[in-house]
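*Asks:* Structure for the following, please:
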Amino acid sequence: MSDSPRFATPEEVENAFYEAWERGDLEALMAVWADDEDVVCIHPGSPRLTGHAQIRETWQQILSQAPNFSVRLLQRIRWQGGLLAIHSLHEQFLIPGGDAEVEPVLATNVYVRGGDGWRLLSHHASNAPELPDSLGEVPRVLH
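*Replies:* Numbers count the residues shown, from 1 in each chain. Take a look at the predicted model:
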């Protein structure tokens, strides 16, 4: 993945990932992943995928079947250290002219910083029961 773009922040990687997904651009979507065979992707209700080949294959299937849509990222919570960043968020999919509501998805994205900048190490998504009433900042409560 040496010809991949260089991302200066985890937010740049995240934006590139979701923009590529919205455009249906498999090459751009795969360019955000870390150059590591231990990359992990979990789609809602699906088994864990590891390595670029498995991840590419499933994203190719998803993109070939996906309608035009946009995604709003809501209630982002971010943690970041020097080499690792974790983002927890709600993905809300919007289908233009679509009557059916798309269930919200909870996602956790893990980013790692290496010699080629920040990259996506793991994307774990699962169905959310529903979007919370408040879409603002989530209070940080220790329990």
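*Asks:* lowest average confidence, helix or strand, in this structure?
*Replies:* When each helix and strand of the chain is scored by mean pLDDT, DSSP states H and E, strand 70-80 comes last, with a mean of 91.
*Asks:* next structured bit after it?
*Replies:* strand 84-94 (DSSP states H and E).
*Asks:* Enumerate the sheet neighbours of the helix or strand following that next one, specifying parallel or antiparallel for every one.
*Replies:* For strand 84-94, the following helix or strand on the C-terminal side (DSSP H and E) is strand 105-114. Its sheet considered, strand 105-114 pairs with strand 84-94 (antiparallel), strand 117-127 (antiparallel) by DSSP bridges.
*Asks:* now strand 105-114: mean pLDDT?
*Replies:* Mean pLDDT, strand 105-114: 97.
*Asks:* For that strand, C-alpha coordinates in PDB please.
*Replies:* What follows is strand 105-114, C-alpha atoms only, in PDB (Å, rounded to 0.1, in the frame of the first residue of the first chain):
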ATOM      1  CA  VAL A 105     -25.400   1.400  13.300                       C
ATOM      2  CA  LEU A 106     -22.900   1.600  16.200                       C
ATOM      3  CA  ALA A 107     -19.300   1.600  15.000                       C
ATOM      4  CA  THR A 108     -15.900   1.600  16.600                       C
ATOM      5  CA  ASN A 109     -13.000   2.500  14.500                       C
ATOM      6  CA  VAL A 110      -9.400   2.000  15.600                       C
ATOM      7  CA  TYR A 111      -6.600   3.900  14.000                       C
ATOM      8  CA  VAL A 112      -2.800   3.300  14.300                       C
ATOM      9  CA  ARG A 113       0.000   5.700  13.500                       C
ATOM     10  CA  GLY A 114       3.000   4.400  11.600                       C
END
